[in-house]
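Participant: With the input below, show me the fold.
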Amino acid sequence: MTGTTGAVTTDARVLMRAAYENRYTWDSNFPGYTADVTLTMDGKVHTGKVRVNPDLKAEVMDVEDEAAKKAIAEQAWEIAIHRVRREFEATHANNQFALGETDETGAVEIIVEGKSTGDRYKVRDNKVVLVHRHIHGVVVTINTFTTHDTPEGYLSHTYDSVYHDPTTGEQKGGVSQFDDQYTKVGDYYVLTQRTITTEFHGKNHVNDFNFSNIALLQPATV
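Facilitator: Residues are numbered from 1 along each chain as shown. The predicted structure follows:
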C-alpha cells in the first residue's frame, strides 16, 4: 500500500497535527518535582538528586563524578524538554506537509517542506513513530516501537536513536536503544526509569537511570 508522494495536502497537515497534539505533555499548572537519582553507568553506580522546576529547567545535585553529573543533567533536560506544551502552529506555522509512502506497518510518511525542508516523520495510530530531523548541525533519526498510553496522550516506551552528518551521511556515534518507564505522581506522569544501551565499536554501553522518591513541588502561595 502506498500513498501519494510529494504533494502538499491538507490531509497531511491534519494527520501530523493530530499526532503532535496526542503527545503527552505537562500543563501550565505543572508544579515541578524533586527525585533521588541512581545512575548505573557501565557497571558503576552514582547517586544524587534532581529537581525539575515549574519552568521545566532541571538541576542536578549531590553527584560527585563529573561524567555522571553531565549524563544525569542531559537526561533531566531531555525529560523536561519533551514535556513542554507548545501549540502545533507555534512549532510548524512555517512548514507545509506532504504525504509520502505508507509502509508495511501502516505508518504514513509525512514529508516536511518550508522552513524545515528535509525533515520527515511517520505517523501510525495517531502517534509519531519516526522522527528524522536536522538539529544543531546533525541529523537525528528516532524510531518508536512501543508507547505508554495515558488519557492525556502517549509517551514513548521503547525506541532507538542515531545521528548522522547532514552533508556526508556518515553515522556519528552508535545506535542507542531506549526503554522508558513512567509512573503517575499526583496529576502528572513522571519518568521513573530510563535504560539506554548504545552499541559502539562492537560493544554495548549501558546507562541505567532510576528516579525514586519523586515529590511534586508545592505551588507558591499568593
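Participant: Please point out which parts of the least confident helix or strand in the chain by mean pLDDT sit buried.
Facilitator: In the chain, the helix or strand scored least confidently by mean pLDDT, DSSP states H and E is helix 88-92, which has a mean of 79. Within helix 88-92, the residues that count as buried by 16 or more other C-beta atoms under 10 Å are residue 92. Bear in mind the C-beta positions are built from the backbone N, C-alpha and C, glycine included.
Participant: go on, stretch 188-207?
Facilitator: 188-192, 194-198, 207.
Participant: Could you tell me how many residues sit around the residue lying closest to residue 83 once chain neighbours are set aside?
Facilitator: Nearest non-adjacent residue to residue 83, counting by C-beta to C-beta, 6 or more residues apart in numbering: residue 26, 4.4 Å away. Neighbour count for residue 26, taken as other C-beta atoms under 10 Å: 21.
Participant: Identify the residues contacting residue 26.
Facilitator: Residue 26 is in contact with 56, 83-85, 188, counting by C-beta atoms under 8 Å, 6 or more residues apart in numbering.
Participant: Give the helix, strand or coil label for it.
Facilitator: coil (DSSP: H, G, I helix; E, B strand; the rest coil).
Participant: Let me know whether residue 217 touches residue 54 as I believe.
Facilitator: Yes - with contacts counted by C-beta atoms under 8 Å, residue 217 reaches residue 54, the gap being 7.0 Å.
Participant: got any residues that touch both of these two?
Facilitator: 31-32.
Participant: tell me, what residue is most central in the protein?
Facilitator: residue 82 (5.3 Å; C-alpha atoms, centre = their mean).
Participant: Run through the residues that contact that residue.
Facilitator: Contacts of residue 82 by C-beta under 8 Å, 6+ apart: none found.
Participant: could you dump the buried residues of stretch 188-207 to a markdown table with pLDDT and secondary structure?
Facilitator: Listed next are the buried residues of stretch 188-207 as a markdown table, based on pLDDT from 0 to 100; DSSP: H, G, I helix; E, B strand; the rest coil:
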| residue | pLDDT | secondary structure |
| --- | --- | --- |
| 188 | 95 | strand |
| 189 | 96 | strand |
| 190 | 96 | strand |
| 191 | 96 | strand |
| 192 | 97 | strand |
| 194 | 97 | strand |
| 195 | 97 | strand |
| 196 | 96 | strand |
| 197 | 95 | strand |
| 198 | 92 | strand |
| 207 | 95 | strand |
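Participant: out of those, who's nearest residue 47?
Facilitator: Nearest to residue 47 among those: residue 207, at 14.2 Å, using C-beta to C-beta.
Participant: How about the contacts made by the closest residue in space to the closest one that isn't next to it in sequence?
Facilitator: Leaving aside its sequence neighbours, residue 207 sits nearest to residue 196 (C-beta to C-beta, 6+ apart; 4.7 Å). By C-beta under 8 Å, 6+ apart, residue 196 lies in contact with 176-178, 206-209.
Participant: Cool, thanks, talk later.
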